[in-house]
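Chemist: okay, predicted coordinates and the sequence, questions at the end:
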Amino acid sequence: FGMLFIDNEIVNKTSRLEEIELEKVREHTTIGFRHLIGPCSFDGLSSVASVQHHERFDGSGYPRKIEGEDIHEYSRIITLIDSFDAWTSDRPHRRLNSIDQTLEFIESDEGKVFDPKIVEAFLDVFE
């Protein structure tokens, strides 16, 4: 949701983003959160999920660098689904990946980016 408020030149850029552009992209979680709790008046859970969906299970994410169970379960699910969608979709800066490649990426990031319990449940769908 917050990506709607990021300059289209940055969103659609085909080359590597400069650091200042990356910072603007990283702001989309906070921007989306402000809009969801502001005039849109979405419930707290929707707002939490929007602001936490780039947090990482190992604490390396953004905007707050929270980790593990401190990240709401719904946010941890959305993190995996958002990544799956990004990796299996064409983007201006890269081609899509196959489902098999994407599942390998997810498995390799288990415990780092993604909650192992959620990865296990997600991968069960593909077996």
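Modeler: Cool, got the structure.
Chemist: where's the longest helix belonging to the chain relative to the chain centroid, distance-wise?
Modeler: As assigned by DSSP state H, the longest helix anywhere in the chain is helix 73-87. Distance of helix 73-87 from the chain centroid (CA atoms, centre = their mean, to the nearest Å) equals 6 Å.
Chemist: which strands and helices lie in contact with that helix?
Modeler: helix 44-52, helix 99-108, helix 116-125 (3 or more CB pairs under 8 Å, 6 or more residues apart in numbering; DSSP states H and E). The C-beta positions use only the backbone N, C-alpha and C, and glycine is treated the same way.
Chemist: go ahead and confirm residue 71 touches residue 57.
Modeler: Yes. Taking contacts as CB atoms under 8 Å, residue 71 lies within contact range of residue 57: 7.1 Å.
Chemist: hey, what's in contact with both of those two?
Modeler: Listed contacts common to residue 71 and residue 57 are residue 115; contacts here mean CB atoms under 8 Å, 6 or more residues apart in numbering.
Chemist: coming back round to it: and the helices and strands packed on helix 73-87, which one averages the lowest pLDDT?
Modeler: For the helices and strands packed on helix 73-87, mean pLDDT drops lowest on helix 44-52, to a mean of 85.
Chemist: just list what it packs against, helices and strands only.
Modeler: Helix 44-52 packs on helix 28-37, helix 73-87, going by 3+ CB pairs under 8 Å, 6+ apart.
Chemist: with just CA atoms, put stretch 64-80 into CSV.
Modeler: Backbone C-alpha positions of stretch 64-80 (Å, rounded to 0.1, in the frame of the first residue of the first chain) are rendered in CSV as follows:
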residue,chain,number,x,y,z
ARG,A,64,12.4,-1.3,13.4
LYS,A,65,14.7,-4.3,13.1
ILE,A,66,12.5,-6.4,15.3
GLU,A,67,12.9,-10.2,15.2
GLY,A,68,11.3,-13.6,15.8
GLU,A,69,8.1,-13.7,17.7
ASP,A,70,8.2,-9.9,18.2
ILE,A,71,7.0,-9.7,14.6
HIS,A,72,3.3,-10.4,14.5
GLU,A,73,2.4,-13.8,13.0
TYR,A,74,0.3,-12.2,10.3
SER,A,75,3.2,-10.0,9.3
ARG,A,76,5.5,-13.0,9.1
ILE,A,77,3.0,-14.7,6.8
ILE,A,78,2.7,-11.6,4.6
THR,A,79,6.5,-11.3,4.5
LEU,A,80,6.7,-14.8,2.9
